[in-house]
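Student: model the following, please.
(one chain, ligands or ions: 1)
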Amino acid sequence: MHCFTLRSRHPVSVFTVALLAFTIFSIPACGQVQETALSDGGMVSSQQWIASQVGADVLAAGGNAVDAAIATGFALAVTHPTAGNIGGGGFMVVRFPNGQSTTIDFREKAPLTAHPEMWLDENGDYSFEVHHRSHRAVGVPGTVAGFDKAHRLYGSSDWGDLVEPAVGLASDGFVLSEALAGSMARFVSGRASQYEATVAAFTNNGASYVAGDTWRQPDLGRTLERIRDDRSDGFYRGTTARLIAAEMRRGNGLITEEDLYRYEARERTPITGTYRGYEVISMPPPSSGGVAIVTALNILEEFDLSSMGHNSAQYLHHLAEAMRRAFRDRATHLADADFVDVPTQHLTSKDYAAWLRRDLDPERASVSHPSDVDQPYESPETTHYSVVDADGMAVSVTYTLESGYGSGIVVPSGGFLLNNEMGDFNAGPGLTNTSGLIGTEPNLARPQQRMLSSMSPSIVAHDGDLVAVVGSPGGRTIINTTLQIILNMVDFGMNIQEAVNAPRMHHQWLPDRIRLEGDAVVQDVVQALEALGHTVQMGGRQGSANSIGVNPLSGERMGAPDPRSADSGAVGASVSRVRR
Ligand code: DON
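Tutor: Model prediction:
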């Protein structure tokens, strides 16, 4: 099996410590994907094992969890191009060893000239294509500013050392897996074929790469060098900013150098809730995830879920009813709280959950009323990763380009993909219809507003001890995937790997149906749910929840990659942390 060599600006110290840590503590060693990893020190779990290894090496070299999260994020931008990014945005939730917590919001923003009608043509007709697939679908990227902010506030390693492994992976290349090579081939022969720079970046002189090829991305390597040397200025000013703005002009997009210059990541207070004595820490608006998860947990807390049995009809019915109510509120209230008044305290209170529970009938499904509000389209391509360091600092990151490979637009000479996150804004004023368009006010595109998200990076603690770092991709299913992992641990006593592996379900108020992963339940359960009044649909896989659990007694970290993703991997790091 081929292993790559990490580049470091201090090759002896970092690589030697990393190698030692690997030899002694790491499960898996090089290239073993999808396996549970155990460590007494640090742990990184992500959708792409090479990026997990980069993060684990930062931990082994003395970096803290924020450092490792930044290095993992930059590495994913090279090795997991469907969702890893510098041209997109996302959220980071941090819990410190003293139990305090914070979040960094690096969600994309609408450009200064954005407006609610920007996806309508001269006749006032809405275009899905322009909204989701054009240069006008691109939001001002936030990832580099978010990592820079997180590092300035809470990092401890040298910034350049965190970017350098990604520079090496881009410039020197890495060996493509079967899953990634296949996905890239489909991408370039499909919607990317119209973009010359994308085809150049994702093919070998026009020919598709195959598994086992080494994929080099020299333009991306140079962009990462600018970020390594100039931090976020290497992205939001100078060469990179000029390249982005030029591509926007070429494709009739809206983002200018001023938009890039003005982008700011924000530190925000987390959403917190309690569930059967556990503390849940998650992302506030512009994510809807934290609020929806806490609302659903509050509703469910009064029911004896464990006695119902895992994935029994009774259990799934109660879950669906809690999800239905949480998602109705999501559609009604959630948007960027810098622009819209979002009643987060009320929505996450136990009293409000009691009110929501009043009409939850254990024997009968409620009915969602489509006339209340319809919901917008969201794609299921994003990535989540989790980090815990030897001191117990925990970092939960979900970030995205929105669709797989985002807009499909690679910035010429920049070598990186731009997002299509503007698609998470509502289509246009008054455009609500039964096919799923939404035109309600709070989440319309306005200059500098951040589009509503479902990404829910979360952390669970108990009695002051860290218990788990969780989250997932999957559009609106993210909320329910994260919720079920928490329930699996708390109500059903599963360890984190069991909790991640367990089959999942989804209900999002509208459309009014339960979607079950293929192997979730037996036919009797489906029939029992239908008898309660539910519509049940069997679906494909739901999410990729690369998580970490911590044994409260021994402190042992369990890295749980999600077996639903072919290249996921968890990597442990040495306990011999160098404190700074
Ligand atoms: O922010 C959001 O909620 C969506 N743009 C996320 C898209 C997503 O999860 C795609 N994932 N797999």
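Student: around the ligand, which positions in the stretch 151-300 of the chain sit nearby?
Tutor: Counting by C-beta under 6 Å from any ligand atom, the stretch 151-300 of the chain comes close to the ligand at no residue. (Each C-beta comes from the backbone N, C-alpha and C, glycine too.)
Student: could you pull out the helices in the stretch 151-300 of the chain for me?
Tutor: 159-172, 178-189, 196-202, 218-230, 233-236, 238-250, 257-262, 289-300 (DSSP state H, counting those that start in this stretch).
Student: single out the most deeply packed of those.
Tutor: helix 289-300 (a mean of 27; mean count of other C-beta atoms under 10 Å).
Student: just the pLDDT for the residue in the stretch 251-400 of the chain that the ligand sits nearest to.
Tutor: As assessed by C-beta to the nearest ligand atom, the ligand sits closest to Thr382 within the stretch 251-400 of the chain, at 3.2 Å. pLDDT recorded at Thr382 is 93.
Student: for this structure, what helix or strand is lowest in average pLDDT?
Tutor: Between all helices and strands in the chain, the lowest mean by mean pLDDT, DSSP states H and E belongs to helix 11-25, at a mean of 34.
Student: using PDB, write out every CA atom in stretch 340-348.
Tutor: What follows is stretch 340-348, C-alpha atoms only, in PDB (Å, rounded to 0.1, in the frame of the first residue of the first chain):
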ATOM      1  CA  VAL A 340     -33.500  38.500  11.500                       C
ATOM      2  CA  ASP A 341     -34.800  38.200  15.100                       C
ATOM      3  CA  VAL A 342     -34.600  34.500  15.900                       C
ATOM      4  CA  PRO A 343     -36.200  33.500  19.300                       C
ATOM      5  CA  THR A 344     -33.500  30.900  20.200                       C
ATOM      6  CA  GLN A 345     -34.100  31.100  23.900                       C
ATOM      7  CA  HIS A 346     -37.800  30.300  23.500                       C
ATOM      8  CA  LEU A 347     -37.300  27.600  20.900                       C
ATOM      9  CA  THR A 348     -34.800  25.700  23.100                       C
END
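Student: mind listing residues that contact it?
Tutor: Outside of stretch 340-348, the residues within contact range by C-beta atoms under 8 Å, 6 or more residues apart in numbering are 271, 273, 284-285, 290-291, 294-295, 298, 329, 333-335, 337, 352, 442-443.
Student: got the buried residues for that stretch?
Tutor: Neighbour counts over stretch 340-348 (16 or more other C-beta atoms under 10 Å) mark 340, 342, 344, 347-348 as buried.
Student: now intersect the contacts of stretch 340-348 with the strands, please.
Tutor: Within the contacts of stretch 340-348, residues falling in strands by DSSP state E are 271, 273.
Student: would you show me how to pick out the buried ones of the contacts of stretch 340-348 in ChimeraX?
Tutor: The command below creates a ChimeraX selection of those among those that count as buried (16+ other C-beta under 10 Å):
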select :271,273,284,285,290,291,294,295,298,329,333,334,335,337,352,442,443
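Student: quick one: the helix ranked longest in the chain to helix 289-300, angle?
Tutor: Looking across the chain with DSSP state H, the single longest helix is helix 313-333. In terms of direction (axes from the mean of the first three to the mean of the last three C-alpha atoms, to 10 degrees), helix 313-333 departs from helix 289-300 by 140 degrees.
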